Structures are given as structure tokens and as C-alpha cells.
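>>> Sequence and computational prediction follow.
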Amino acid sequence: MTGALPTAASLYERVRRVIPPIEWPAFVDDIDAILALKRERNAVVLAHNYQTPEIFHCVADIVGDSLALARKAMTVEADVIVVAGVHFMAETAKLLNPGKTVLIPDLAAGCSLADSITAEDVRLMRQRYPSAPVVTYVNTSAAVKAESDICCTSGNALAVVKSLNVPRVIMLPDEYLARNIAAQTKVEIIAWKGRCEVHERFSPADIRELREAHPGVTVLAHPECPPEVVAEADFAGSTAAMSDYVGRHKPARVVLMTECSMSDNVAVEHPDVDFVRPCNLCPHMKRITLANIRSALEENRHVVTIDPRVAERARWAVERMLFV
Ligand code: SF4
């Protein structure tokens, strides 16, 4: 960046379409403090697409979906990485940056998918299907990744499955992602029973109601949604793929069947597109706030650590995915 350093006042213009003027003063102190702390500590903030706009657009240095964050986390030059996302994302950042301090502002920022499976569960699946490689969604703990052959995200899951060149794979832990990928390949997919508590709530009836209330609306769905929802959508893809779709197709009116903040963040980039916003919040993502990002930097908390023996095997599964 050239010219004057950003301040909260200069950043408001960027988010004024999604943050009303009356709410903005509540954010100003924390934004200015975080910007100063990042310079002092040589820190960067990684923010997932589901973070609220004052985080995503005003204090984050790197934004994106899980895959983009993992990829970009490998190139980070800073001493400190603050992850504005959930715990498995902070672990992934640590796996790829073992020598850096990685902070998560709230240790309780979990994920229903990550919580649905343990390392022991993966070992039992392997015993049951010994010839099938294990493809593990990044929404899992480092301990689960360490038991896996390769990781995937919703953006590259199909490519990862195809890259293995085998007739059958185990895909963990998201049952719906596994079924949505199975519909696109002849490879037999053995699924686990995990669900994203945000995306499982969307139904085909929601889409029909939206189409009736907003004739001509383009419906984009995340592949963590039930297959019946994906089948009724106009397009299904990761958060990055949805954002890219809006940029390329410029639909007059669009609805994103995913977490609420995603629409706000994409709307900032596309003022000419009308966003219909059904709202399913991720309570785990919403644990991250400007206030706790500021505290994380001020008090160096919460430092993410991973057992080195687990980290080595988990890193291998993540890095293998990044080269597909
Ligand atoms: S939106 Fe779903 S998959 Fe993402 S962190 Fe929340 S519970 Fe996990």
C-alpha cells in the first residue's frame, strides 16, 4: 500500500453499504488500535469469508475461504498471525507456519463438522475399509488430519478425489459434501455423518419460497448444504466460487445459501447486484470480534500449539492437497 496508512475513518467508505452510520462509531477505537498493533507486532490478520464486514474489510490482511487462507498462510512474512476464523483454521495456519506465533482470539470458536469426528473414528474407518484412502475436509482437528492421506476443501474436493485415481475413497467428515461430490464422479465415496450446523438448515422449500418472493433470483448454494438444496440451486460452489460467480455473471439479484456475513462481504465488492439475504449465522465464527482480535494482539492470546508428532503428519496431508 502507498500513501497514508489507513485509519478507521478512511475505511468507512468501503463498508458504508453494509454498516449503517449509527453502528460505525462502536467499531472505530478497536479498528484504530488493531491497525496500530499490527504494525507494532509485525502481525497479520487472516479472516474467513464468514467474518463480519468490520473485520473482513477493515482489519484483515488476507481474506478468503479455507483453501485460500491455507494457501496464502504459507506465504505470510509476519511474526504473528491472528486468525479471525474458527479453531481448525488457526491450527491449519500453524501447521503451515510452524515457526510463527499463531493466535486465535477465542478458543471456543469451534465447528460442528470438526467436532463430529475424532482421530480414533478415522482409524476405525480405515480398519473397516482398508484399501480406501482417507480424504479429509479441512474442517477437522489437526489430530484427524494426521490420520488422513490428503485434505480437501469444498473448493477442490472433486479434484482431490480424482487425483487419487482409485475406485473408492473415504471422505470425512461432512456427509453432505461427500454426497454432493459423489454426484459428480464415478468414484465410490464412503461418507461420515458430520454436518455443518449452518448449512444443514437450508431446505429446498426455502429455495422455492425465495424464487416465489423474488422472481428471477439466481440461487447459489454451498456444497455443505443438503444435496436436495444443491439440486435446486442454479450453481453450487465454495464461498470463493460463489463470489467469483457473482463477479463473472453479475446477476441482477442473487441469494447465497450460506452463512449471513458472506453476502455482506460480497455485496461490498458488487454494489450493482441486489443481494437477498436469508440469514443463518455460524455461532462459532461470530465468537470472533474486533474486541477479542485487539485483546489477542495486546495480550498475545490464545497461542495455538500442536503436538509436533501430530503436526508433522497433519501438515503432510494439508500440503499434499495444496499441490493438487
Ligand atoms: S459455518 Fe459450518 S462448517 Fe463453517 S465453521 Fe460454522 S459450523 Fe463449521
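Yes, it's here. Numbers count the residues shown, from 1 in each chain.
>>> Let's verify residue 18: helix, strand, or coil?
Applying DSSP: H, G, I helix; E, B strand; the rest coil to residue 18 yields a three-state assignment of coil.
>>> ok, it touching residue 266?
No - using Cβ atoms under 8 Å, residue 18 makes no contact with residue 266, being 10.0 Å away. In this view, the C-beta of every residue, glycine as well, is placed from N, C-alpha and C.
>>> Looking at these two, which is more packed in?
Applying other Cβ atoms under 10 Å to residue 18 and residue 266 shows that residue 266 carries more neighbours, namely 23 against 19.
>>> The more buried one: what's it in contact with?
If a contact means Cβ atoms under 8 Å, 6 or more residues apart in numbering, then residue 266 has 242, 243, 246, 256, 275 as its contacts.
>>> again, 6 Å this time
243, 246 (Cβ atoms under 6 Å, 6 or more residues apart in numbering).
>>> can you give me phi and psi for it?
Here is the backbone geometry of residue 266 (degrees, to the nearest 10): phi -70, psi -40.
>>> Neighbours of the nearest residue to residue 241 once chain neighbours are set aside, how many?
Excluding the flanking residues, the one nearest residue 241 by Cβ to Cβ, 6 or more residues apart in numbering is residue 155, at 6.1 Å. A count of nearby residues for residue 155, using other Cβ under 10 Å, gives 21.
>>> Is residue 155 located within a strand, as I assumed?
No - using three-state DSSP, the assignment for residue 155 is coil, not a strand.
>>> wait, residue 18 sits on residue 53?
Yes - using Cβ atoms under 6 Å, residue 18 is in contact with residue 53, at 4.9 Å.
>>> What number of residues are in the vicinity of the closest residue to residue 150 other than its chain neighbours?
Nearest non-adjacent residue to residue 150, counting by Cβ to Cβ, 6+ apart: residue 320, 4.7 Å away. Per other Cβ under 10 Å, the neighbour tally for residue 320 reads 15.
>>> Quick check: residue 320 vs residue 71, distance?
13 Å (Cβ to Cβ, to the nearest Å).
>>> same question, residue 115
Distance from residue 115 to residue 71, by Cβ to Cβ: 25 Å.
>>> what's around residue 118, how many residues?
15.
>>> Revised request: answer the last question for residue 99.
Residue 99 has 6 neighbouring residues, counting by other Cβ under 10 Å.
>>> ok, now the one 3 residues further on?
Residue 102 sits with 26 neighbouring residues when counted by other Cβ under 10 Å.
>>> again with residue 154
There are 27 residues near residue 154, going by other Cβ under 10 Å.
>>> so it sits right up against residue 223, yeah?
Yes - contact between residue 154 and residue 223 holds when scored by Cβ under 6 Å: they sit 4.8 Å apart.
>>> need the next SSE after the lowest-mean-pLDDT helix or strand in the chain, C-terminal direction.
Across the helices and strands of the chain, mean confidence by mean pLDDT, DSSP states H and E is lowest for helix 66-73: a mean of 80. Using DSSP states H and E, the helix or strand that follows helix 66-73 towards the C-terminus is strand 80-84.
>>> quick one: the helices in the stretch 151-300 of the chain?
Along the stretch 151-300 of the chain, counting by DSSP state H, counting those that start in this stretch, helices occupy 157-164, 175-182, 204-213, 227-232, 239-249, 260-269, 290-299.
>>> Below-threshold pLDDT in this structure: ranges please.
1-3 (pLDDT under 70).
>>> interface residues of this protein facing the ligand?
Contact residues, the chain versus the ligand (Cβ under 6 Å from any ligand atom): 86, 111, 112, 113, 139, 196, 197, 198, 259, 282, 284, 285.
>>> Could you report the neighbour count for the third one?
Which is residue 112. 19.
>>> which residues does it contact?
Per Cβ under 6 Å, 6+ apart, neighbours of residue 112: residue 197.
>>> go on, the second one?
When contacts are counted by Cβ under 6 Å, 6+ apart, residue 111 is found next to 86, 88, 139, 284.
>>> Can you tell me the closest non-neighbouring residue to the third one?
The shortest distance from residue 139 to any residue that is not its chain neighbour, by Cβ to Cβ, 6+ apart, is 4.1 Å, and that residue is residue 113.
>>> Test my guess that that neighbour contacts residue 174.
Yes - counting by Cβ under 6 Å, residue 174 is a contact partner of residue 113 at 5.5 Å.
>>> Name the residues contacting each of these two.
Common neighbours of residue 113 and residue 174 (Cβ under 6 Å, 6+ apart) are residue 194.
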